[in-house]
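Colleague: 3D model of this:
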Amino acid sequence: MQQTGIGPALKQARALQGKSVDEASRETRIRPEYIDALETERYDTLIGDPYVRGFLRSYSTYLGLDPDKVVGYYNRSFGPHRPTLPEPAPGPARSRRGSAPHLVDVVRQHPSWSLMIGIAVLALVVFGAAGLLARSPAVPAAVRPRVQPSLTVLPPSVVVTLFAKQAVRANVRVDGEDRLPGGAIQRGRGLSFSGTSRIDIRLSQGGIVEITVNGHSLGAPGKAGAPYERSFGPQDFRSSSSATSPSP
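Modeller: Residues are numbered from 1 along each chain as shown. Have a look, this model is predicted:
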């Protein structure tokens, strides 16, 4: 399953609050294995798509994140939720002929029953020759709900998470806009950024900030004492074909 970057952001937010998976499970009433699935983005192991969105909303709210943004990032990768049409309820069972035996007796005693059958058959033959039956609309045998088309997957966004092991001056631009007004990240602080086309990162020195791009950890890239600068896009580190580092 493709990575969205949501999992690392949830895990980082939990770690910053000093919470273990078991503590978060007790306080949110979400099973530990479900929390682990959310943080590792193994959404296919959960009960179903509606539960994934519900767990993401509840867990992100508990961690102090914006649940609408978290679910929005999920929708960008997997498409919005669409309800499934229920199967039609079976119709009432027809009563057997024997349930009304008095009607059978009436039919058997009708003096012109054979004559009426003969007239009906003759009428059908005449109408068929005139082409009336061919022009009559066919009655559908059964009506079933149309199969929902497959969900259209929206273009993925680029998600970058930073965690400073030491205080560092930094500049972050998301889609051409500055997103770090203070120009610095304090020691032990983690930040997550999401954009649609490009995120530019510039650090006063490398080797002291752990970077995660689209769910892929880069560790703490760069050399200590030397500036570090790199740009990331939506397709970086999302598949084996793009697992190499993007061009600076």
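Colleague: what's the following helix or strand after whichever strand or helix holds S194?
Modeller: Per DSSP states H and E: S194 is located in strand 190-195. Past strand 190-195, further along toward the C-terminus, the next helix or strand under DSSP H and E is strand 199-203.
Colleague: and that following strand, what's its mean pLDDT?
Modeller: Averaged over strand 199-203, pLDDT sits at 93.
Colleague: and that strand, which strands flank it?
Modeller: For strand 199-203, the paired strands and their directions (DSSP bridges) read strand 168-174 (antiparallel), strand 228-232 (antiparallel).
Colleague: make JSON lines from the ones you listed and add distance to G54 to it.
Modeller: Bear in mind the C-beta positions are built from the backbone N, C-alpha and C, glycine included. Shown next, in JSON lines, are those (distance: least, Cβ to Cβ, whole Å):
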{"stretch": "strand 168-174", "distance to G54": "28"}
{"stretch": "strand 228-232", "distance to G54": "30"}
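Colleague: to T212, which of the ones you listed lies closest?
Modeller: Set against T212 and scored by Cβ to Cβ, the strands paired with strand 199-203 come closest in strand 228-232, at 10.3 Å.
Colleague: what's the strand holding S194 packed up against?
Modeller: Where contact means 3 or more Cβ pairs under 8 Å, 6 or more residues apart in numbering; DSSP states H and E, strand 190-195 is packed against helix 6-16, strand 158-164, strand 168-174.
Colleague: and the first one, what's buried?
Modeller: If you call a residue buried by 16 or more other Cβ atoms under 10 Å, then helix 6-16 has these buried ones: 6-14.
Colleague: just these now: which is nearest R29?
Modeller: So of the buried residues of helix 6-16, ranked by how close each gets to R29 (Cβ to Cβ), first place is R14, at 15.6 Å.
Colleague: so the closest one makes contact with L63?
Modeller: Yes. Counting by Cβ atoms under 8 Å, R14 sits close enough to L63 to count as a contact (6.0 Å).
Colleague: okay, now the domains of the chain?
Modeller: Domain assignment for the chain by automatic domain parsing gives 6-78, 158-238.
Colleague: now tabulate these in TSV and tack on distance to I119.
Modeller: Written out in TSV, the entries for the domains of the chain read as follows (distance: least, Cβ to Cβ, whole Å):
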stretch	distance to I119
domain 6-78	59
domain 158-238	74
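Colleague: the host helix or strand of Y59 vs helix 6-16, what angle?
Modeller: Secondary structure assigned from DSSP H and E places Y59 in helix 49-62. Between helix 49-62 and helix 6-16, the angle formed by their directions is 30 degrees, by axes from the mean of the first three to the mean of the last three Cα atoms, to 10 degrees.
Colleague: quick one: buried residues of helix 49-62?
Modeller: 49, 52-53, 55-56, 59-60, 62.
Colleague: buried stuff in stretch 174-191?
Modeller: For stretch 174-191, the buried set under the neighbour-count rule, 16+ other Cβ under 10 Å, comprises 174, 180, 185, 190-191.
Colleague: tell me the two of the residues you listed that are most distant?
Modeller: Between any two of the buried residues of stretch 174-191, the greatest separation by Cβ to Cβ is 16.3 Å, found for V174 and G190.
Colleague: where does the chain have low pLDDT?
Modeller: Applying pLDDT under 70 to the chain flags the ranges 1-3, 81-118, 120-156, 239-248.
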